[in-house]
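**Student:** sequence-free structure coming up:
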């Protein structure tokens, strides 16, 4: 699968969320499930992701777990995904704290985002 096209002068933003989009309509590559997110990260291999936005609950039984596992595994093997900032925006407080701890411990820059006005909902 070819790498997604992205304007070279814009920061690369990836959003992993099943129901939200950015209210300000900033350009972003979007994955709505963990399999989509894993495929997108594979397509972006070697690219700098400036902002990676992660929700925890992705509909049904799907969660961000496989994506966090990949990021942690890559960091532990000395090949971290090239991410400038990971933004955790889940409303699941316990899962968000666990995600943040695992990713920070693996060396990623992580912030929690609680700004509900940032989003529009698809459903």
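**Tutor:** Received the coordinates, thanks. A quick note: this is a predicted structure, and the numbers were derived from the prediction, not measured.
**Student:** okay, now the nearest residue to residue 59 once chain neighbours are set aside: neighbour count?
**Tutor:** Computed as Cβ to Cβ, 6 or more residues apart in numbering, the closest residue to residue 59 that is not its neighbour in sequence is residue 18, at 4.2 Å. Just so you know, the C-beta spots here come from the backbone N, C-alpha and C atoms, and that holds for glycine as well. Neighbour count of residue 18, defined by other Cβ atoms under 10 Å: 17.
**Student:** so residue 18 sits right up against residue 55, yeah?
**Tutor:** Yes: using Cβ atoms under 8 Å, residue 18 is in contact with residue 55, at 6.9 Å.
**Student:** before we move on, the earlier item: list the residues that contact the residue nearest to residue 59.
**Tutor:** 32-33, 55, 57-59, 62 (Cβ atoms under 8 Å, 6 or more residues apart in numbering).
**Student:** Mark which of those are buried, thanks.
**Tutor:** Buried subset of those (neighbour count, 16 or more other Cβ atoms under 10 Å): 32-33, 55, 57-58, 62.
**Student:** would TSV of the residues you listed with secondary structure, pLDDT and distance to residue 22 be doable?
**Tutor:** Below are the buried ones among the contacts of residue 18 laid out as TSV (DSSP: H, G, I helix; E, B strand; the rest coil; pLDDT from 0 to 100; distance: Cβ to Cβ, whole Å):
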residue	secondary structure	pLDDT	distance to residue 22
32	coil	97	14
33	coil	98	18
55	coil	95	13
57	strand	94	19
58	coil	96	17
62	coil	97	21
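**Student:** Next, give me the two most distant ones among these.
**Tutor:** The span of the buried ones among the contacts of residue 18, defined through Cβ to Cβ, is set by 32 and 57 at 12.2 Å.
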